[in-house]
Structures are given as C-alpha cells and as structure tokens.
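Asks: My questions are about this predicted structure, shown below with the sequence.
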Amino acid sequence: AISIFLIVQSGCNSSQDLKNYSVNPNASEDVNKVLKYLYSLQAKSENKIISGQNCCHGNEITRCYGAYVEELYNETGYWPGMIGVDYEYTNRFTPAQLSECNQFLIDYWNKGGLITINWAPHNPWTDNGTRDLNEVRLEELYDKESTVYAKWHAEWDRIAMGLEELQNAGVVVLWRPMQEMNGGWFWWGWKSSPDNPEHFKKVYQDMFNYFTYEKKLNNLIWVYSVATHCGADYSKSPDFHYPGDPYVDIVGINVYESEGYHICDYDALKAIGKPISLTECGPDHNKMDGSFDNTLMLKAIKDHAQDILYWTTWHDWPDHFVSMTSNLNAKELLEDPWVVTREEINWRD
C-alpha cells in the first residue's frame, strides 16, 4: 500500500517535493522529512520498525519517564526510538502542566527520539471522564449553534497551546486524537452513534481543519488509531470511522494479547492504503502480571504484519504490568536487527 501511494504522489510532482508526504499542505519541512523516513522503513531488511514506550498522561511523565524509559535504558542499554504521552485521560491538565510534560518531550526530541501524543478527552457534556457515555450527541460538537460547541473548542485551544509550544521548539508530533473510536467504551466511540459513523468523521475532520488552518499547527503527523476488532460484536471494523485520506497520514491499531499474539486486523488496515503502526501494545488485559514475553509482539509483526513501521508499548497502572521494563526479554526485543532505537533514528540524514 505504501509503495502504491508513493508512485501516485511522485507522478503528481516529478520534483519529489517533500510536501507530498503530508496531508497538511502547510506541513513543516521536518514533518515531511519524518514521514519520508517512515515511508522508507518498509523496504529495509534491518532497522525497519521503531521502538516506542508510552510515559503515562500529561505531567505524570515526570515520574513515568524514569520508570519506563530511563529504567529501560539501565536494564537494556537502549533508549526507545519514540516516547509518548496522553494529553488527557486521567485529568484535564492545565497549560502549565502540559508545558511541564513538554519539557521531557522536547529533551527527548533534541536527543534524537521521535514523539507521539494521543488525546483521550473527558466528556464535554458531563465532565465525567472518558468512559461516561451519558448525554453524548456527537453532532453538536461541530454545530456552531449548540451549547457545547464553544466549550469543546475551548478544550481544543488548551490542547493546541501544548502542541504549539512543541512546534515552537521544533518538535514533530505523531498526533493521535480520540483513539479506539471503533470500540464502545469511550464517549466518542461507536455506541454514541451506532449506525452513523459520519458524526465521528466530522468531529475528526473539524479538529483537523481547526488545528491546521486556524491554529496553524504544522508540526503534526495525523494518526487514526483503532482498537482490535477481529470480528467481535463489541467493536466495529477499522475502516468504519475512517475520516478520509485527506485527513490521515498514518493508520494504527492497539493490540493487547499474550500467548498467540496476533494482529488480526492487519489486512483491513492495509486495505485503507496508508502507512501502518502498532499505536498501543502490551499483554492481554487479564494477564498483565509481568510474565509477558516482549518479543512475541515483534514475532507477530515479522510473521504476518511486516509493513508496521513503529510500535508504542503502553505503561503500567496499579496491578497491571504492561511496559517493556516490567515484562520479559526487553533487551532481546530492542537488540533485534529489525528494531530501531533512539541512536539509530536518522530522518535528518
């Protein structure tokens, strides 16, 4: 799928203009260089999948960075190629708290790593977190006449301040808003509009347009990230909420499995025609006891999902051990010839 896309793009512009790589026509040169680098990984026989570790939410990174990134280096001798955070989920972080978080991201970027940020917003109608499905009417979020519209855009403005600080520091962000929309557990998910995915699509498109053209955030790589479906009745297929090619740079999937690790929606993602990533991963939710073999995830990619360009291992939470350093064979995973660690990131070359 990636090679087909590049052929089409190069046919449109024989000069191989870097801006062909981003869906944002005003994207920074570094955004397009990073995308060009990501596209190039598929054809490689070594150093072809970037390692990643999530570092909790907002300014929680002040403790999670040490626990999951520095400890990983101490244990294995390797820094992950990418680190990430969620800009919300546990708390509506203030601009000052997001700025505190950003200092870790800026430092990691300046040392050669890549940065991914997702955004799991609280319910703007009830203010009761991400999993409150009450009073949800997605169509109101893009209706300027609705009472929630201004509040929703104020939330965007708060988040945009954090992203703008990163832009001013030269940081490119793999931006992954409102993930797992094909699942039924978040308020923006399919249960809020079970037969009409157009509402989510318009919310996503509206965010893209606002961040791109109003806020002029030209440092973002837009990532559409779904939950594992595998034909289950509690979720929809990966393409059900897809907002369209003009709004997405990369598609991704979140997979939590243990024995028999399998990325069963890979073919469905590949059919969309965009680069593919493993945006969240870790052991099965019922087996997060620290016994997971980290290398099983990479084996699954090698066996039947070889176009995946990066992964992001999730972080621990109480009584749930998910991070690379909390499970087995992290060093074996990171020293595999396929895996890109921070010192091997070379998009600037």
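Replies: Looks like it arrived, so ask away. All values reported here derive from a predicted model rather than from experimental measurement.
Asks: Just give the number of residues close to residue 332.
Replies: Using other Cβ atoms under 10 Å, residue 332 has 14 neighbouring residues. (Glycine included, C-beta is placed from N, CA and C.)
Asks: So for it, what's the nearest residue that isn't a sequence neighbour?
Replies: residue 295 (5.5 Å; Cβ to Cβ, 6 or more residues apart in numbering).
Asks: measure the one you found to residue 36 for me?
Replies: For residue 295, the distance to residue 36 (Cβ to Cβ, to the nearest Å) stands at 29 Å.
Asks: okay, the two: which has more neighbours?
Replies: Using other Cβ under 10 Å as the criterion, residue 295 and residue 36 rank with residue 295 on top: 19 against 16.
Asks: Against residue 339, how distant is the more buried one?
Replies: Residue 295 is 10 Å from residue 339, by Cβ to Cβ.
Asks: Mutual contacts of these two, please.
Replies: Taking Cβ atoms under 8 Å, 6 or more residues apart in numbering as the criterion, residue 295 and residue 339 both touch residue 333.
Asks: is it true that the residue nearest to residue 332 touches residue 336?
Replies: Yes - counting by Cβ atoms under 8 Å, residue 295 touches residue 336, with 7.5 Å between them.
Asks: that's a strand at residue 115, yeah?
Replies: Yes - counting by DSSP: H, G, I helix; E, B strand; the rest coil, residue 115 falls inside a strand.
Asks: so what's it up against?
Replies: Applying Cβ under 8 Å, 6+ apart, the residues contacting residue 115 are 82-84, 105, 108-109, 166, 171-174.
Asks: Check for me that residue 121 belongs to a helix.
Replies: No - the assignment for residue 121 is coil, going by three-state DSSP, so no helix is present there.
Asks: Now it: closest residue in space, sequence neighbours ignored.
Replies: Once flanking residues are discounted, residue 121 sits nearest to residue 88: 5.3 Å by Cβ to Cβ, 6+ apart.
Asks: Could you tell me the per-residue confidence at that neighbour?
Replies: pLDDT, residue 88: 98.
Asks: which stretch of helix or strand covers it?
Replies: Under DSSP states H and E, no helix or strand contains residue 88.
Asks: What about residue 137, how many residues nearby?
Replies: Using other Cβ under 10 Å, residue 137 has 13 other residues around it.
Asks: you'd agree residue 185 is up against residue 131?
Replies: Yes - using Cβ under 8 Å, residue 185 is in contact with residue 131, at 5.8 Å.
Asks: what helix or strand is the closest residue to residue 99 other than its chain neighbours on?
Replies: Using Cβ to Cβ, 6+ apart and skipping residues adjacent in sequence, the residue nearest residue 99 is residue 165, 6.0 Å away. In this assignment (DSSP H and E), residue 165 forms part of helix 149-168.
Asks: Show me what that helix is packed up against.
Replies: For helix 149-168, the elements it packs on are helix 95-110, strand 114-119, strand 173-177, judged by 3 or more Cβ pairs under 8 Å, 6 or more residues apart in numbering; DSSP states H and E.
Asks: and the angle from the strand or helix carrying residue 281 to strand 114-119?
Replies: Applying DSSP H and E as the criterion places residue 281 in strand 276-282. With axes from the mean of the first three to the mean of the last three Cα atoms, to 10 degrees defining the directions, strand 276-282 sits at 70 degrees from strand 114-119.
Asks: neighbours around residue 316, how many?
Replies: Neighbourhood size, residue 316 [other Cβ under 10 Å]: 20.
Asks: okay, how far is it across stretch 53-66, tip to tip?
Replies: One end of stretch 53-66 to the other measures 12 Å (Cα to Cα, to the nearest Å).
Asks: wait, stretch 231-249
Replies: End-to-end distance for stretch 231-249: 25 Å, by Cα to Cα.
Asks: what residues does that stretch touch?
Replies: When contacts are defined by Cβ under 8 Å, 6+ apart, stretch 231-249 is touched by residues 21-23, 35, 181-184, 190, 197, 200-201, 204-205, 208, 221-224, 226-229, 251, 253, 265, 268-269, 271-275.
Asks: picking that back up, shouldn't the residue nearest to residue 121 be in contact with residue 123?
Replies: No - taking Cβ under 8 Å as the definition, residue 88 is not a contact partner of residue 123, at 11.2 Å.
Asks: who touches both of those two?
Replies: residue 130.
Asks: neighbour-wise, which of the two wins?
Replies: Using other Cβ under 10 Å as the criterion, residue 88 and residue 123 rank with residue 88 on top: 22 against 18.
Asks: residues contacting the more buried one?
Replies: Going by Cβ under 8 Å, 6+ apart, residue 88 touches 57-58, 119-122, 130, 159.
Asks: contact partners of the strand holding residue 281?
Replies: 1, 54, 116, 118, 176, 179, 223, 225, 250-256, 263, 266, 269-270, 288, 292, 297, 301, 305, 307-314, 322-323, 327.
Asks: So which of those residues belong to strands?
Replies: Among those, DSSP state E puts 54, 116, 118, 176, 223, 225, 250-256, 308-313 in strands.
Asks: Any buried residues in stretch 42-62, and which?
Replies: 42, 47-61 (16 or more other Cβ atoms under 10 Å).
Asks: Just give me the closest of those residues to residue 212.
Replies: Using Cβ to Cβ, residue 58 comes nearest to residue 212 of these, at 23.5 Å.
Asks: okay but that closest one is in contact with residue 98, surely?
Replies: Yes - applying Cβ under 8 Å, one finds residue 58 in contact with residue 98, separated by 6.2 Å.
Asks: Are there residues contacting both of these two? Which ones?
Replies: Residues touching both residue 58 and residue 98 (Cβ under 8 Å, 6+ apart): residue 87.
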